[in-house]
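[1] With the sequence up front, the predicted model follows.
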Amino acid sequence: MTKFDFPPSIKSRPVWGTLQARPGRHHLFVADAEGAQAILDVATPDLMAGSHIIYVPRGADHADALRALEPAQFHEGPSYAASVPRLRRALQDAKMGLQVYLAGTEGVMGQAMAEAVAAGIPHTAIQTEHRGSTARRMQCVHCKGITEDVETDPFVCAHCGLNLFVRDHYSRRLAAYQGVRVDAEDHGNVPEPRGIYE
């Protein structure tokens with residue numbers, strides 16, 4: 001699955017768009033896994049001449065295709081966390097008019113957006129496109145721990161072990177959805193897990 005139509009939800013839930021090449025001399029792309037396809041869809045030689053691509057494969061095999069675009073700079077990281085110093089440096093060295101494009105999973109787009117916003121780029125100026133997994137990055141509201149790649153509702157918090165309900169409430173600051181204890185009032189009464197979008 002590369003593209004997914006998210007069902008309507010509450011206002012705090014992010015709405016992901018479609019990347020479109022914008023005019024400018026400097027372009028920063030951050031993508032993971034299938035997000036590479038979104039970059040490939042908008043790439044032109046002129047766009048790539050001023051582009052810096054930060055890519056985290058996460059098991060996908062698009063790095064060679066991205067390199068073949070001949071961007072001004074290309075970085076392939078083993079994980080998003082390992083690529084954060086590179087992203088921060090790119091944002092620190094950014095010139096006026098930098099165009100930022102994020103593509104791939106919600107977890108990586110949300111975290112990269114938080115970095116860009118912290119660097120002074122308004123979130124409304126950042127382009128996004130969801131591609132690939134619909135797994136969520138979840139924060140337990142009880143222990144504050146983050147569990148990555150949650151695909152079922154309810155799920156077990158990786159930090160405190162509570163059974164958590166997957167809510168659509170999203171924290172842009174944390175780049176995570178919020179999970180609350182599903183059996184808070186009736187301990188042990190936990191529904192059978194099912195896919196988040198089933």
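    Arrived safely. Numbers count the residues shown, from 1 in each chain.
[2] Flag the shaky bits of this protein, pLDDT-wise.
    For the chain, applying pLDDT under 70 flags the ranges 1-2.
[3] can you pull out the strands in the protein?
    Along the chain, counting by DSSP state E, strands occupy 27-32, 51-56, 73-76, 99-104, 127-130, 136-140, 146-150, 152-153, 155-156, 163-171, 176-181, 194-195.
[4] Other residues contacting the fourth one?
    Spelled out, it's strand 99-104. 19, 22, 24, 26-39, 42, 56, 108-109, 112-113, 116, 121, 125-132 (CB atoms under 8 Å, 6 or more residues apart in numbering). Placement of C-beta: from N, CA and C, glycine included.
[5] Recalculate using a threshold of 7 Å.
    19, 22, 24, 26-35, 38-39, 109, 112-113, 116, 121, 126-129, 131-132 (CB atoms under 7 Å, 6 or more residues apart in numbering).
[6] Any of the residues you listed buried? List them.
    Among the contacts of strand 99-104, those classed as buried by 16 or more other CB atoms under 10 Å are 19, 26-35, 38-39, 109, 112-113, 116, 121, 126-129, 131-132.
[7] Can I get stretch 12-30 in PDB, CA atoms only?
    Output of stretch 12-30 as PDB, limited to C-alpha atoms (Å, rounded to 0.1, in the frame of the first residue of the first chain):
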ATOM      1  CA  SER A  12      -6.400  18.100  15.400                       C
ATOM      2  CA  ARG A  13      -5.700  15.100  13.200                       C
ATOM      3  CA  PRO A  14      -3.200  16.000  10.400                       C
ATOM      4  CA  VAL A  15      -4.400  16.200   6.800                       C
ATOM      5  CA  TRP A  16      -1.700  15.200   4.400                       C
ATOM      6  CA  GLY A  17      -1.500  16.700   1.000                       C
ATOM      7  CA  THR A  18       0.300  15.900  -2.300                       C
ATOM      8  CA  LEU A  19       3.800  17.200  -3.100                       C
ATOM      9  CA  GLN A  20       4.100  19.800  -5.800                       C
ATOM     10  CA  ALA A  21       7.300  21.400  -7.000                       C
ATOM     11  CA  ARG A  22       7.500  25.000  -5.900                       C
ATOM     12  CA  PRO A  23       9.800  27.700  -7.400                       C
ATOM     13  CA  GLY A  24      12.900  28.400  -5.500                       C
ATOM     14  CA  ARG A  25      16.600  27.800  -5.400                       C
ATOM     15  CA  HIS A  26      16.800  25.600  -2.300                       C
ATOM     16  CA  HIS A  27      14.700  22.500  -1.600                       C
ATOM     17  CA  LEU A  28      14.800  20.100   1.400                       C
ATOM     18  CA  PHE A  29      13.200  16.700   1.100                       C
ATOM     19  CA  VAL A  30      12.800  14.300   4.000                       C
END
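[8] And for the residue nearest to Gly107 when sequence neighbours are not counted, the neighbour number?
    Closest residue to Gly107 apart from its sequence neighbours, by CB to CB, 6 or more residues apart in numbering: Arg137 at 3.8 Å. Counted by other CB atoms under 10 Å, the residues lying close to Arg137 total 22.
[9] Alright, calling it a day.
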